[in-house]
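S.K.: A structural model of the following input is requested.
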Amino acid sequence: MPTKSSRKPRADAQRNRERILQVAKGAFTRHGAEATLDDIARQAGIGPGTLYRHFPTRDDLIEAVYRSEVEKLTEAGTRFAATMPPLAALRAWMLLFIDHVADKRLIIPAMDTVAGGSLRLIEGTRGIIYGTFLDLVQRAIDSRDLRADTDPGDFVRALVGVFHTTALPGWEASARRIVDILIAGSRRTRSRDRR
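M.R.: This next block holds a predicted model:
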């Protein structure tokens, strides 16, 4: 017989948790560190006790919001790989990654209030994101859509490099163009295939 701690959460408890995370993301995006847990509970349509059962501290909630967004990003990579051709999956995920970075910038002020700051949260999930990215690039190489000499790490470094310019106007449009430049520059061509 499963123990209480090993059971899956009830469906209503899971729905409450997801609703809290969704509302909290919006609140932290709009109000940063000023967002209150009581306001988040009210907007989510639950009592404060329910919120605190799921997230005993403000830090727990902020960290859970960020981790939830990372999980959605990595799940999307798995879904794209299962339902799209390799190159289309890679491009779609890279564009989604840009959206993730844009969203993350909006909640950084709240993330900076957590013990260890936003850098600790970002560093704690970096490997998961990079793993998804590298897998999608490797899949496109294995399918022969990208050249065999393509280094998956180059894709990661090029796109991550763009994120150091997020304070500049137009960075998102630039990042989206770079996605297409990276893919176009790494595609196999007929002349290379004949070698």
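S.K.: Can you list the low-confidence ranges for the chain?
M.R.: 1-9, 190-195 (pLDDT under 70).
S.K.: quick check: domain ranges of it?
M.R.: Listed by automatic domain parsing, the domain ranges of the chain are 11-56, 70-193.
S.K.: so how far is the longest one off the chain centroid?
M.R.: It stands for domain 70-193. Relative to its chain's centre, domain 70-193 lies at 9 Å (C-alpha atoms, centre = their mean, to the nearest Å).
S.K.: And for the first one?
M.R.: Distance, stretch centre to chain centre, for domain 11-56: 20 Å (C-alpha atoms, centre = their mean).
S.K.: quick one: which of the domains of the chain is nearest Ala64?
M.R.: domain 11-56 (6.0 Å; C-beta to C-beta). (Glycine included, C-beta is placed from N, CA and C.)
S.K.: I'd like the domains of the chain written out as CSV, with distance to Ala64 and mean neighbour count added.
M.R.: Shown next, in CSV, are these (distance: least, C-beta to C-beta, whole Å; neighbours: other C-beta atoms under 10 Å):
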stretch, distance to Ala64, mean neighbour count
domain 11-56, 6, 16
domain 70-193, 10, 16
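S.K.: nearest to Glu63, of those?
M.R.: domain 70-193 (6.0 Å).
S.K.: Val114: what secondary structure?
M.R.: Secondary structure for Val114, judged by DSSP: H, G, I helix; E, B strand; the rest coil, is coil.
S.K.: Ile62: which of the domains of the chain is closest?
M.R.: domain 70-193 (5.2 Å).
S.K.: Tell me where this structure has helices.
M.R.: With DSSP state H, the ranges of helices along the chain come out as 11-31, 37-44, 48-54, 58-83, 86-111, 117-142, 152-162, 171-186, 190-193.
S.K.: same for the second one, what does it pack against?
M.R.: Okay, so that is helix 37-44. Contacts defined by 3 or more C-beta pairs under 8 Å, 6 or more residues apart in numbering; DSSP states H and E place helix 37-44 against helix 11-31, helix 48-54, helix 58-83.
S.K.: How about the third one?
M.R.: Contacts defined by 3+ C-beta pairs under 8 Å, 6+ apart place helix 48-54 against helix 11-31, helix 37-44.
S.K.: Next one: Gln43 from Val23, what distance?
M.R.: From Gln43 across to Val23, the span is 5 Å (C-beta to C-beta, to the nearest Å).
S.K.: What of Gly32?
M.R.: 15 Å.
S.K.: try Ala35
M.R.: 10 Å.
S.K.: again, but for Asp154
M.R.: Asp154 is 39 Å from Val23, by C-beta to C-beta.
S.K.: same check, this time on Val179
M.R.: Taking C-beta to C-beta, one finds Val179 at 31 Å from Val23.
S.K.: picking up where we left off before, can you say which of the helices and strands packed on helix 48-54 is nearest to Leu146?
M.R.: helix 11-31 (34.0 Å).
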